[in-house]
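In: Build me a model from this:
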Amino acid sequence: MSLIASLRRSPDADATTSGAEQHAGATLTAAVLGFFVITLDATIVNVALPSIRDGLGGGITGLQWVVDSYTLMFAALLLSAGSLSDRIGARRAFCGGLLLFVLASAACGLAPTLPVLIAARLVQGIGAAVTMPTSMALVRHAFPDPARRTRAVGVWAMGGAVAAAAGPVLGGLLSLASWRMIFWINLPVGLITLLLLTRTAPSPTRPAPFDWIGQITAVLGMGGLTFGAIEAGEAGFAASQVLGALGLAVVSFAAFVIAQTKVAHPMVPLELFRSRVMVIATVIGFAFMVGFYGLPFLFSLYFQQQHGLSALGAGIAFVPMMLLSACLTPFSARIAERTGPRVPVIAGLVLIAAGSVALAVVPASAPVWMTSLLLIPVGLAGPLVMPPTTALLLEHVPGHRTGTASGVFNTSRQVGGALAVAVFGALLSGSAGFEHGLRLSLLLAAVVALAAALIVPRMGGARRRDA
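Out: You can find the predicted model right below:
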């Protein structure tokens with residue numbers, strides 16, 4: 001019996017149910033659009049990188065920072081953003097994060113120099129960091145029933161899948177007019193989402209002090225690690241600035257862990273990691289993004305620099321990969337329900353590994369269409385890995401820790417993407433040349449995906465923690 005049918009006892013019950021359904025629908029739509037616009041921004045930029053370089057200058061290191069300045073702040077602030085969602089309410093945090101993202105997008109589109117663009121991308125990352133976990137928390141609160149929540153997460157994931165599919169082609173099309181258009185497109189989508197948010201129900205709150213020590217050490221640690229990896233490509237790992245940055249990262253991460261055990265209200269309570277599902281989901285998120293985010297960065301440059309394609313041509317080359325990913329996404333929840341979450345997650349990670357190896361061994365003389373087809377397995381991994389992992393995580397995390405757990409999970413994803421761009425970019429610009437760096441990057445992505453696939457079976461026996 002449906003929820004609506006079970007409540008048909010009085011007109012008041014019908015009105016209450018109708019209102020709840022309306023709030024849930026508006027909440028899910030807003031969450032989907034929020035996820036859509038921040039995912040679109042990540043995927044649309046890759047194919048426009050050569051156009052940005054032509055317009056503002058800078059080498060591959062500058063292009064890495066255009067991508068990673070966004071991803072770095074996204075990753076570093078997700079931890080606090082998850083806690084912020086729990087403490088001030090998901091709806092309020094979502095609204096503030098999305099508004100900041102929209103304003104920063106306008107600044108990106110108006111940037112007169114590369115440093116200004118990178119600075120605006122940093123602010124974009126802050127807005128995205130708040131928007132991502134709060135969109136997931138909105139879904140969690142709007143759909144308390146696990147079965148309905150699983151389907152809602154599938155719809156939420158569809159927003160990201162559609163953005164990932166549309167991003168490369170849309171980026172190529174907009175770049176024909178101006179690369180600045182890839183940022184201005186965020187404005188109307190963001191404004192529509194903010195209007196929808198006025199029709200959603202208030203979110204629960206859990207007030208607590210802000211963990212400044214944890215946030216500062218997290219930013220320093222991730223910033224040092226990313227800076228060291230990017231600069232190593234140009235200066236070498238023995239350079240003083242690289243060693244200094246990596247040293248800062250080690251010290252900061254150690255201080256972060258110590259702080260989380262000492263402060264009264266840690267932004268990442270370490271007891272979260274007593275859950276096997278939490279730990280394994282974090283590893284899966286990291287490994288998935290190394291391939292799913294790192295490979296489009298590699299091949300956006302490969303298609304345009306090695307094959308001479310335009311931004312639009314490079315975007316079209318990604319269509320098979322992204323389109324099939326979007327088509328499979330609506331069925332991910334059903335697949336997980338029938339087989340259990342472990343089977344699709346393992347299959348997706350193995351597909352990333354297989355696709356990466358195939359792309360690494362294909363000869364440099366291979367036509368573009370062959371490379372385009374070999375990217376398909378990587379695209380199919382998206383709906384197989386992320387929705388089941390996300391749904392399982394939400395099922396096993398206490399309700400009052402939803403925002404925090406979402407922040408940790410998505411931080412692992414963004415760190416994986418940021419390090420992939422940093423390390424892969426360093427390998428591409430190494431003395432061995434672009435082709436050698438490309439193949440080494442692909443093999444590295446395959447190893448990371450396979451390593452994660454090997455530990456997935458251990459998440460099957462975990463017990464649910466009640467909200």
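In: got the CA coordinates for stretch 166-186 in PDB?
Out: The C-alpha trace of stretch 166-186 is given here as PDB (Å, rounded to 0.1, in the frame of the first residue of the first chain):
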ATOM      1  CA  ALA A 166      26.200  17.600 -21.600                       C
ATOM      2  CA  GLY A 167      29.300  19.300 -20.300                       C
ATOM      3  CA  PRO A 168      31.900  18.500 -23.000                       C
ATOM      4  CA  VAL A 169      29.600  19.200 -26.000                       C
ATOM      5  CA  LEU A 170      28.100  22.300 -24.400                       C
ATOM      6  CA  GLY A 171      31.600  23.500 -23.500                       C
ATOM      7  CA  GLY A 172      32.700  23.000 -27.100                       C
ATOM      8  CA  LEU A 173      29.700  24.900 -28.500                       C
ATOM      9  CA  LEU A 174      29.900  27.800 -26.100                       C
ATOM     10  CA  SER A 175      33.700  28.100 -26.700                       C
ATOM     11  CA  LEU A 176      32.900  28.800 -30.400                       C
ATOM     12  CA  ALA A 177      31.500  32.100 -29.200                       C
ATOM     13  CA  SER A 178      33.700  32.600 -26.100                       C
ATOM     14  CA  TRP A 179      35.100  30.500 -23.300                       C
ATOM     15  CA  ARG A 180      33.500  33.000 -20.900                       C
ATOM     16  CA  MET A 181      30.100  31.600 -21.800                       C
ATOM     17  CA  ILE A 182      30.900  28.300 -20.000                       C
ATOM     18  CA  PHE A 183      30.700  30.200 -16.700                       C
ATOM     19  CA  TRP A 184      27.800  32.500 -17.500                       C
ATOM     20  CA  ILE A 185      25.500  29.500 -18.200                       C
ATOM     21  CA  ASN A 186      25.500  28.800 -14.500                       C
END
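In: Spit out the contact partners of residue 175.
Out: Contact partners of residue 175, counting by Cβ atoms under 8 Å, 6 or more residues apart in numbering, are 47, 48, 51, 181, 182, 311, 312. C-beta: built from backbone N, CA, C; applies to glycine.
In: In space, what's closest to it - neighbours in sequence excluded?
Out: Leaving aside its sequence neighbours, residue 175 sits nearest to residue 311 (Cβ to Cβ, 6 or more residues apart in numbering; 4.0 Å).
In: That neighbour - how many residues pack around it?
Out: If you count neighbours by other Cβ atoms under 10 Å, residue 311 ends up with 27.
In: ok, now residue 363?
Out: Residues lying near residue 363 (other Cβ under 10 Å) number 6.
In: what's the answer for residue 270, then?
Out: The number of residues near residue 270, taken as other Cβ under 10 Å, comes to 10.
In: I'd like the contacts of residue 175 laid out as a markdown table, including distance to residue 91.
Out: What follows is the contacts of residue 175, written out as a markdown table (distance: Cβ to Cβ, whole Å):
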| residue | distance to residue 91 |
| --- | --- |
| 47 | 34 |
| 48 | 33 |
| 51 | 37 |
| 181 | 30 |
| 182 | 28 |
| 311 | 37 |
| 312 | 38 |
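In: from those residues, which single one is nearest residue 104?
Out: The nearest member of the contacts of residue 175 to residue 104, counting by Cβ to Cβ, is residue 182 at 13.5 Å.
In: my guess is that closest one contacts residue 46, does it?
Out: No - with contact defined as Cβ atoms under 8 Å, residue 182 does not count as touching residue 46 (10.0 Å).
In: what touches both of these two?
Out: residue 171.
In: where's stretch 340-355 relative to the chain centroid, distance-wise?
Out: In terms of Cα atoms, centre = their mean, to the nearest Å, the centre of stretch 340-355 is set 18 Å apart from its chain centre.
In: buried stuff in that stretch?
Out: Buried residues in stretch 340-355, counting neighbours by 16 or more other Cβ atoms under 10 Å, are found at 341-355.
In: Same question for stretch 49-63.
Out: 49, 50, 51, 52, 53, 55, 56, 58, 60, 62, 63.
In: That stretch: end-to-end distance?
Out: 6 Å (Cα to Cα, to the nearest Å).
In: Let me see the contact set for the nearest residue to residue 319 once chain neighbours are set aside.
Out: Closest residue to residue 319 apart from its sequence neighbours, by Cβ to Cβ, 6+ apart: residue 169 at 6.0 Å. Contact partners of residue 169, counting by Cβ under 8 Å, 6+ apart, are 312, 315, 316, 318, 319.
In: Surely the residue nearest to residue 175 touches residue 168?
Out: No - counting by Cβ under 8 Å, residue 311 does not reach residue 168; the two are 9.1 Å apart.
In: and for those two, which residues touch both?
Out: Joint contacts of residue 311 and residue 168 (Cβ under 8 Å, 6+ apart) are residue 47.
In: circling back to that earlier point, mind picking the two most distant members of the buried residues of stretch 49-63?
Out: It's 55 and 60 that sit farthest apart of the buried residues of stretch 49-63, by Cβ to Cβ, at 15.7 Å.
In: re earlier: okay, the buried residues of stretch 49-63 in CSV with distance to residue 140 and pLDDT next?
Out: Putting those into CSV (distance: Cβ to Cβ, whole Å; pLDDT from 0 to 100) gives the following:
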residue, distance to residue 140, pLDDT
49, 35, 85
50, 40, 84
51, 39, 86
52, 37, 88
53, 41, 86
55, 41, 84
56, 40, 87
58, 41, 74
60, 40, 77
62, 39, 82
63, 36, 82
